[in-house]
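**Student:** fold the following, please.
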Amino acid sequence: QVQLVESGGGLVQAGGSLRLSCAASGRTFSTYAMAWFRQAPGKEREFVAAVSRSGSSTNYADSVKGRFTISRDNAKNTVYLQMNTLKPEDTAVYYCAARIRAGYLYTSQYDYDYWGQGTRVTVSS
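**Tutor:** So this is what the prediction gives:
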């Protein structure tokens with residue numbers, strides 16, 4: 001079992017920044033790939049970013065490329081999402097996800113095995 005707890009969400013003005021954190025427990029953190037997804041009101045959950053087990057490889061949705069950065073600290077069992085130049089359309093509940101199966105950088109929610117409870121990000125215009 002893997003437990004994931006997100007934090008760092010909040011209200012920010014457009015153009016501002018936030019850093020989300022996701023603390024993991026239950027298994028050796030470096031053995032699973034991680035990702036961030038988000039779900040806006042009335043919309044389906046969508047992929048945001050993914051990172052490999054070592055942290056050396058990343059993948060981003062086109063909508064956040066150049067503005068968001070995913071990273072992980074395996075010594076702290078934590079994955080981060082640095083969000084810069086935020087836009088109102090980034091408003092959503094953000095979820096971190098873990099994949100314990102082989103492979104990494106997947107973009108479908110169905111490719112991940114464990115989920116956090118989410119943290120809300122609201123960007124005002």
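**Student:** quick check: which element contains the residue most central in space within the chain?
**Tutor:** By CA atoms, centre = their mean, the mean C-alpha position of the chain lies nearest to residue 36, the distance being 2.2 Å. Assigned by DSSP states H and E, residue 36 belongs to strand 33-39.
**Student:** which other helices and strands contact that strand?
**Tutor:** In terms of contacts (3 or more CB pairs under 8 Å, 6 or more residues apart in numbering; DSSP states H and E), strand 33-39 is packed against strand 18-25, strand 46-51, strand 68-73, strand 78-83, strand 92-99. Where C-beta positions appear, they are placed from N, C-alpha and C, glycine not excepted.
**Student:** now mean neighbour count and mean pLDDT too, for these, in TSV please.
**Tutor:** As requested, the helices and strands packed on strand 33-39 are exported to TSV (neighbours: other CB atoms under 10 Å; pLDDT from 0 to 100):
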stretch	mean neighbour count	mean pLDDT
strand 18-25	19	97
strand 46-51	22	98
strand 68-73	18	98
strand 78-83	22	98
strand 92-99	23	98
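**Student:** need those strands in a markdown table (columns: distance to residue 114).
**Tutor:** Converted to a markdown table, the helices and strands packed on strand 33-39 look like this (distance: least, CB to CB, whole Å):
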| stretch | distance to residue 114 |
| --- | --- |
| strand 18-25 | 8 |
| strand 46-51 | 14 |
| strand 68-73 | 15 |
| strand 78-83 | 12 |
| strand 92-99 | 4 |
